[in-house]
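Student: please find the sequence and the predicted model below.
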Amino acid sequence: MPNIALELGKQSASFGVKSAYGDQQDVDGVRIIPVALTWSGFGGGSDEAGNGGGGGGGWAIPLGAYIRRGDDLRFEPNIIALLTVAVPFVFFAGRALSRVIRTLKK
C-alpha cells in the first residue's frame, strides 16, 4: 500500500491557488473570475498490524469576483458571504474589546 500522506501531498501541491481563483468565464463580453477563501486538511495513519486509513475535508467561502469590462478591472464582493463572516467577527471582536477595556479600567 503506498504511503497515503505522500500521495495526498503530491495531489494537493497546487490545490491552494486553483481553489482560490476559479476558471475564467466569458459572459456577454465580460470576463468573470470567481474568488473564494478556502481551507483544507488531510490526515492519515496506520498501526503495526497494517491497518490504515486517511481522510480529508475543507470548506470555501465565496468572496466575490474579478470583473473585466474592456480595460476596466475591478473586484465585486459577494455581500452575503461578507456579511455572514463579518457579523460574527464584529460581535466577538466587540465582546473581546469590551472585556479588555473593562479589565484595564480595574
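Tutor: Happy to help now that I have it.

Student: and the residue most central in space within the chain, which of the three is it?
Tutor: The C-alpha lying nearest the average C-alpha coordinate of the chain belongs to residue 38 (CA atoms, centre = their mean; 1.5 Å). With DSSP: H, G, I helix; E, B strand; the rest coil as the basis, residue 38 sits in strand.

Student: what of residue 75?
Tutor: Three-state call for residue 75 (three-state DSSP): strand.

Student: distance of residue 74 relative to residue 33?
Tutor: In this view, residue 74 and residue 33 are 11 Å apart by CB to CB, to the nearest Å. (Each C-beta comes from the backbone N, C-alpha and C, glycine too.)

Student: between the two, which one's more packed in?
Tutor: residue 33 (16 against 9; other CB atoms under 10 Å).

Student: so for the helix or strand hosting that one, what gets flagged as buried?
Tutor: Assigned by DSSP states H and E, residue 33 falls within strand 30-46. Neighbour-count burial for strand 30-46, with 16 or more other CB atoms under 10 Å as criterion, is recorded at 33-36, 42.

Student: can you put the residues you listed in JSON lines and add distance to residue 83 and pLDDT?
Tutor: Shown next, in JSON lines, are those (distance: CB to CB, whole Å; pLDDT from 0 to 100):
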{"residue": "33", "distance to residue 83": "22", "pLDDT": "93"}
{"residue": "34", "distance to residue 83": "18", "pLDDT": "92"}
{"residue": "35", "distance to residue 83": "17", "pLDDT": "90"}
{"residue": "36", "distance to residue 83": "16", "pLDDT": "88"}
{"residue": "42", "distance to residue 83": "31", "pLDDT": "75"}
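
Student: of these, which is the nearest to residue 66?
Tutor: residue 33 (4.4 Å; CB to CB).
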